[in-house]
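1. Generate coordinates for the sequence data below:
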Amino acid sequence: MRTTSSISRAGASFVERLLVAGLAIVAAGCSDGSSGGVVSGPGSVTLADVQVQVFSPSCALSDCHLGAGAQLELDLSAGASAGNLLGVASTEVPGLLRVEPGNAVDSYLYMKLVADPRILGDPMPASGGPLSAGALNLIETWIDQGAQ
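-> Down below sits the predicted model:
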């Protein structure tokens, strides 16, 4: 038979677990810099996810990969990025595709972002420091899932 105090302890234990779970959820929503605030929803990652969270804020900038004057003719602005990435040979290493759907580690875009030794020139992005682990993971997942 349970006593009142054992019921109170059980109730308190439940409340403590609930509070800890709630705090964990709140903490997961805060960025500590390791994920860069990049969020991928459940299911597959789309080009739209990558565009909004990585390309537009970090790459499609006036002095980098935007419009007619884009570096290496690689315009990564919304509406142009797919046609300039998917199945297109790299300018620096034409034997590699910029994005090879289903194969991030052999896609030149991903190699440039992680400073793979097979790239030519400097790793990207050129300014603002390297992309966060979360951003890199988002791009890798998008490519590995078929770059849709």
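2. which residues of the chain fall in strands?
-> Under the criterion DSSP state E, the chain carries no strands.
3. where are the low-confidence patches of it?
-> Of all residues in the chain, those with pLDDT under 70 make up the ranges 1-42.
4. Give me the domain ranges for the chain.
-> According to automatic domain parsing, the chain comprises the domains 1-30, 47-144.
5. Comparing those, which stretch has the densest surroundings?
-> The highest average neighbour count among these, using mean count of other Cβ atoms under 10 Å, belongs to domain 47-144 at a mean of 17. C-beta: built from backbone N, CA, C; applies to glycine.
6. okay, how far is it across it, tip to tip?
-> In domain 47-144, first residue to last residue: 12 Å (Cα to Cα, to the nearest Å).
7. for stretch 141-148, same thing?
-> As for stretch 141-148, its first-to-last residue distance stands at 11 Å under the measure Cα to Cα.
8. separation between residue 113 and residue 43?
-> Shown here: residue 113 relative to residue 43, a distance of 23 Å by Cβ to Cβ, to the nearest Å.
9. Can you name the residues that contact the residue lying closest to residue 104 once chain neighbours are set aside?
-> Sequence neighbours aside, residue 143 is the residue nearest to residue 104 in space, at 3.9 Å (criterion: Cβ to Cβ, 6 or more residues apart in numbering). Residues counted as contacts of residue 143 (Cβ atoms under 8 Å, 6 or more residues apart in numbering) are 99-104, 107, 109-110.
10. swap the cut-off to 10 Å and go again
-> 45, 50, 85-86, 99-107, 109-110 (Cβ atoms under 10 Å, 6 or more residues apart in numbering).
11. One more: residue 55?
-> Under the contact definition (Cβ under 10 Å, 6+ apart), the residues listed for residue 55 are 47, 61, 65-66, 76-78, 80-81, 85, 135, 139.
12. again, but for residue 94
-> Neighbour list for residue 94: residue 108 [criterion: Cβ under 10 Å, 6+ apart].
13. Pick out the most distant pair among the contacts of residue 55.
-> Among the contacts of residue 55, the pair separated by the greatest distance (Cβ to Cβ) is 80 and 135, at 19.5 Å.
14. thinking again about what came up before, would you mind giving the contacts of residue 55 as CSV with distance to residue 92 added?
-> Listed next are the contacts of residue 55 as CSV, based on distance: Cβ to Cβ, whole Å:
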residue, distance to residue 92
47, 22
61, 20
65, 14
66, 19
76, 16
77, 20
78, 24
80, 19
81, 18
85, 14
135, 21
139, 18
